[in-house]
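[1] Compute the structure for the input listed below.
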Amino acid sequence: MNLDVKIKRIHTDALLPMQANPGDAGMDLYSIEAVEIPAGEAKLIKTGLQIELPQGTEAQIRPRSGLALKHSVTVLNSPGTIDEGYRGEIGVILINHGKETFIVEKSMRIAQMVIQFVPSIQLLEVNELSQTVRGASGFGASGTK
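    Numbering: from 1, shown residues only. The predicted model follows:
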């Protein structure tokens, strides 16, 4: 299934998102700037791109596993959501959980963007919900082993 998504470069150094391999769910997003992120801090990294999503979709901004494993850098509000009506620049909030300053380089792959379908939801207020085996058991309900 193909889905047409309009994308616009608003900066001369912007790189279009790319799937690293055919069939990958995520498309790499690239920085248009060099930014230092001190240990324990977060910064908004610009991509130089705007997007027009089709009706009934969203774009999720997710971390890159390599940055997380090698540098303890991840997307702070993961997954970040770009709603279909947003037309501003795509920005990625990166946080450095590491012990040293992390340098975001210009044209560096900083996150992944995944396009998802969003169902139309109608909430139905009721007085009772159906019963399940789990019921209201919450955090840790399935045990520790």
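[2] All the helices of the chain, in order from the start?
    65-71 (DSSP state H).
[3] Quick check: most distant residue from the centroid of it.
    The C-alpha centroid of the chain is most remote from Asn127, which lies 36.1 Å away (CA atoms, centre = their mean).
[4] what's the pLDDT at that residue?
    On pLDDT, Asn127 comes in at 97.
[5] Would you point out which residue is most central in the chain?
    Geometric middle of the chain (CA atoms, centre = their mean) lands on Ile61, at 1.1 Å.
[6] How about it: what's its closest non-neighbour residue?
    Distances taken as CB to CB, 6 or more residues apart in numbering place Gly80 nearest to Ile61, at 3.7 Å, with adjacent residues excluded. The C-beta positions use only the backbone N, C-alpha and C, and glycine is treated the same way.
[7] Show the contacting residues for the one you found.
    Residues near Gly80 by CB atoms under 8 Å, 6 or more residues apart in numbering: 60-62, 92-93.
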